[in-house]
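Asker: the following block contains a protein sequence and its predicted model.
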Amino acid sequence: MTDLAAKWGVDESRFWLHGHMPQETVRFDEQTGMWNVFGHAEALEIFGDPATYSSNTARVFLADSDLDVGDAFDGNPVQMDPPFHGRMRKLVSRAFTAKTVADLAPRIATLTQELLDDVAGGDGIELVSALAYPLPVIVIAELLGVPAGERDVFKGWVDKIFDSDQQFSLKSTDEQQQDIQEGLEQARELREYLSGHADERRRTPREDLLTKLVEAEVDGQRLSSTEVANFANVLLVGGHVTTTMLIGNTLLCLDAEPDADARLRADRSILPAVIEESLRYLSPFATLYRATMTEVEIAGQRIPKDQLLAVRIGAANRDERVFERPHTFDPGRAPNPHVGFGHGVHFCIGAPLARLEGRIALDILLDRFPVLRVDAEHPPTFLPSPDLTGVKTLTLLSQ
């Protein structure tokens, strides 16, 4: 396989994409004040023990901050630990059961065909704007009950939230403070937008996820509009960003590995395995954070209480202790125990939906385009956030 990261100029800070791995699986970073975790077993240990490794990281990174976050984290399941996290997650779990997700397949296929029809007739497509972004946004917006026609508005907010190329650090700089403040402002605008829809559902209920959240009770109490909006925010953002990156990343991998592309075109039954290997090889959410609740020892390192851990999923998915030839894109890899969707109580609730969207979209793309190759004159660009691995633009030629 060609060195995909070097060929397209992926930043060297994402060293695992360049085939480099540190000797230590856990290492303190003096520059950021955080502990980096690179190992697969260590990632599983951390994600599997929320009592020791808390998802409520805000209490650590905001401890000495003057930032006014207001109610930015109220009702945000990403920042919650058990048992409250489980109660909140249960509110929407029925919307993501295997049967419910499978029932969306015809709608996803129709949307994919319609979106590709809109760009038909040319020599190629810019994949992200044509399909990889609008498809999952429309699907999750319809589930929530917010207007999918306003997806350009969503994109503007989400792009700004993830627009910083700065590595998060506990040793805050003025630039990082500004980046965080701008991100909080964009999140606030999106939250206010969703809060307005939540208030409308209280007056006029519908058959959608927002109504379910508005009507739900946790410990005998209804969620506030802010809590509903923050929860819906996570579903809206998480419900499309992963799939957008997954579709683009998979086609980028197939372009770099023509033999895999040929095998897939000859035998579509391997498409699920191709998607899993893409999630491993180019993990969309490359980093997740946890905070220690007590002093711990992991991989021989003593880590005090109230420390922030940066679990580098992208590196863990290339741990040679688990994956043979970890820097090779191999759709035949079995087993493939990647942690691209996380692990434990915070395992991505939308993983079945993302997999289904990716499978249907890629299947139809291969049907409609006998050839798809990256346009070298318009090379792919990548999302700037160090915590994400995904194409921002991907121009593909169909001849």
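Answerer: Looks like it came in fine.
Asker: was I right to think Asp3 contacts Leu17?
Answerer: No - at 9.3 Å, Asp3 does not count as touching Leu17 under the criterion of Cβ atoms under 8 Å. (C-beta placed from N, C-alpha, C; glycine too.)
Asker: anything in contact with each of the two?
Answerer: The overlap between the contact sets of Asp3 and Leu17 (Cβ atoms under 8 Å, 6 or more residues apart in numbering) is empty.
Asker: leaving out chain neighbours, which residue sits closest to Pro147?
Answerer: Ala141 (6.9 Å; Cβ to Cβ, 6 or more residues apart in numbering).
Asker: that neighbour contacts Leu236, doesn't it?
Answerer: Yes - assessed by Cβ under 8 Å, Ala141 is found in contact with Leu236 at 7.0 Å.
Asker: which neighbours do the two share?
Answerer: Taking Cβ under 8 Å, 6+ apart as the contact rule, Ala141 and Leu236 both touch Phe154.
Asker: where does the stretch 101-250 of the chain have low pLDDT?
Answerer: 161, 163-167, 172-173, 176 (pLDDT under 70).
Asker: what about the helices in it?
Answerer: For the stretch 101-250 of the chain, applying DSSP state H, counting those that start in this stretch gives helices covering 105-117, 127, 134-144, 151-161, 174-203, 209-215, 225-256.
Asker: using TSV, lay out the ones you listed together with distance to Leu383 and mean neighbour count.
Answerer: Formatted as TSV, those follow (distance: least, Cβ to Cβ, whole Å; neighbours: other Cβ atoms under 10 Å):
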stretch	distance to Leu383	mean neighbour count
helix 105-117	21	16
helix 127	14	25
helix 134-144	15	23
helix 151-161	9	17
helix 174-203	14	16
helix 209-215	26	22
helix 225-256	7	24
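Asker: picking that back up, residue contacts, the residue nearest to Pro147?
Answerer: Contacts for Ala141 (Cβ under 8 Å, 6+ apart) come out as 147-148, 150-151, 154, 236.
Asker: what's the closest of those residues to Lys305?
Answerer: Checking the contacts of Ala141 against Lys305 with Cβ to Cβ, the nearest one is Leu236 at 34.1 Å.
Asker: tell me how far the closest one lies from Phe341.
Answerer: The gap separating Leu236 from Phe341 is 18 Å, by Cβ to Cβ, to the nearest Å.
Asker: now stretch 362-372: how far from the chain's centre is it?
Answerer: In terms of Cα atoms, centre = their mean, to the nearest Å, the centre of stretch 362-372 is set 24 Å apart from its chain centre.
Asker: what residues sit buried inside that stretch?
Answerer: The neighbour-count check on stretch 362-372 (16 or more other Cβ atoms under 10 Å) flags 362, 364-366, 369, 372 as buried.
Asker: sorry, back to before: could you dump the contacts of Ala141 into CSV with distance to Ala105 added?
Answerer: Shown next, in CSV, are the contacts of Ala141 (distance: Cβ to Cβ, whole Å):
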residue, distance to Ala105
Pro147, 23
Ala148, 18
Glu150, 25
Arg151, 21
Phe154, 23
Leu236, 21
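Asker: I'd say Asn56 and Gln79 touch.
Answerer: Yes - with contact defined as Cβ under 8 Å, Asn56 reaches Gln79; the gap is 5.3 Å.
Asker: mind listing what Ile270 touches?
Answerer: 263-264, 331-332.
Asker: now with 6 Å, please.
Answerer: Contact analysis of Ile270 by Cβ atoms under 6 Å, 6 or more residues apart in numbering lists 264, 331.
Asker: now swap in the one 4 residues further on and tell me
Answerer: Applying Cβ under 6 Å, 6+ apart, we find Val274 in contact with 264, 331.
Asker: mind running it again at 8 Å?
Answerer: 250, 253-254, 260, 264, 331, 362.
Asker: which one among those gets closest to Ala98?
Answerer: Of these, the one sitting nearest to Ala98 (Cβ to Cβ) turns out to be Leu362, at 19.9 Å.
Asker: tell me the confidence at that closest one?
Answerer: The model reports Leu362 with a pLDDT of 98.
Asker: now it: how far from Arg87?
Answerer: Leu362 is 36 Å from Arg87, by Cβ to Cβ.
Asker: go through the contacts of Ala141 and name the one nearest Glu217.
Answerer: Checking those one by one against Glu217 (Cβ to Cβ), the nearest turns out to be Leu236, at 22.4 Å.
Asker: ends of stretch 324-340, how far apart?
Answerer: 17 Å (Cα to Cα, to the nearest Å).
Asker: how about it, which residues are buried there?
Answerer: 326-327, 329-331, 333, 336, 338-340.
Asker: nearest spatial neighbour of Pro352, skipping sequence neighbours?
Answerer: That would be Val101: by Cβ to Cβ, 6+ apart, it lies 4.6 Å from Pro352.
Asker: an error on my part: the question was meant for Gly86.
Answerer: Nearest to Gly86 is Val345, by Cβ to Cβ, 6+ apart, at 6.7 Å.
Asker: got a list of what the one you found touches?
Answerer: So, once contact is read as Cβ under 8 Å, 6+ apart, Val345 ends up touching 50, 82, 85-86, 89.
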